[in-house]
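Engineer: give me the fold of what follows.
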Amino acid sequence: MNRPFVAGLTGSIGMGKSAVALMLREMGVPVFDADAAVHHLQGPGGALLPAIEAAFPGTTGPEGVKRQELGAKVFGDPAALKRLEAIVHPAVAQMREAFMIEHIGEGVVVFDSPLLF
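Structural biologist: Numbering: from 1, shown residues only. Reported below is the predicted structural model:
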């Protein structure tokens, strides 16, 4: 079985990634949305909540990650940000790999990710 061609969709906030991803989906192209994956992992009942709470006490609750509280603990502190990334990035990579396995027979897939580079 051939692997799909993988295209990256990246850019800053407000550059139209979501609009382009929607157009691609409407054309039948599978799109992996890294931001959506993070929100799923950090939302209510998210798989990363226990690890994030252990590393950054008081930053999670029943609604998931308390973004303002977590941001206050990690932004401006490179070591804390690195700890958070060590929790989040491997989990997103696992979801991306599962997406690739699910779509292995496609001609093309797209990774929508602000941190592609």
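Engineer: state the distance from residue 115 to residue 92.
Structural biologist: Taken as CB to CB, to the nearest Å, the spacing of residue 115 relative to residue 92 amounts to 9 Å. Any C-beta I mention is one placed from the backbone N, CA and C, and that applies to glycine too.
Engineer: which one of those two is surrounded by more residues?
Structural biologist: When neighbours are counted by other CB atoms under 10 Å, residue 92 comes out ahead of the other of residue 115 and residue 92, with 20 against 11.
Engineer: helix or strand for the closest residue to the more buried one other than its chain neighbours, which one?
Structural biologist: With CB to CB, 6 or more residues apart in numbering as the criterion, residue 92 has its nearest non-adjacent residue at 5.0 Å, and that residue is residue 37. Secondary structure from DSSP states H and E places residue 37 in helix 34-42.
Engineer: buried residues of that helix, list them for me.
Structural biologist: 34, 37, 38, 40, 41, 42 (16 or more other CB atoms under 10 Å).
Engineer: before we move on, back to that, where do the contact lists of residue 115 and residue 92 overlap?
Structural biologist: Shared contacts of residue 115 and residue 92, defined by CB atoms under 8 Å, 6 or more residues apart in numbering, comprise residue 34.
Engineer: is the residue nearest to residue 92 in contact with residue 96, as I believe?
Structural biologist: Yes: counting by CB atoms under 8 Å, a contact exists between residue 37 and residue 96, whose distance comes to 7.4 Å.
Engineer: residues contacting the spatially most central residue of the chain?
Structural biologist: With distances taken as CA atoms, centre = their mean, residue 34 lies nearest the centre of the chain, 3.0 Å away. Counting by CB under 8 Å, 6+ apart, residue 34 makes contact with 92, 96, 111, 112, 113, 114, 115.
Engineer: state which helix of the protein is the longest.
Structural biologist: For the chain, the helix that runs over the most residues, judged by DSSP state H, is helix 78-102.
Engineer: good, we can wrap up now.
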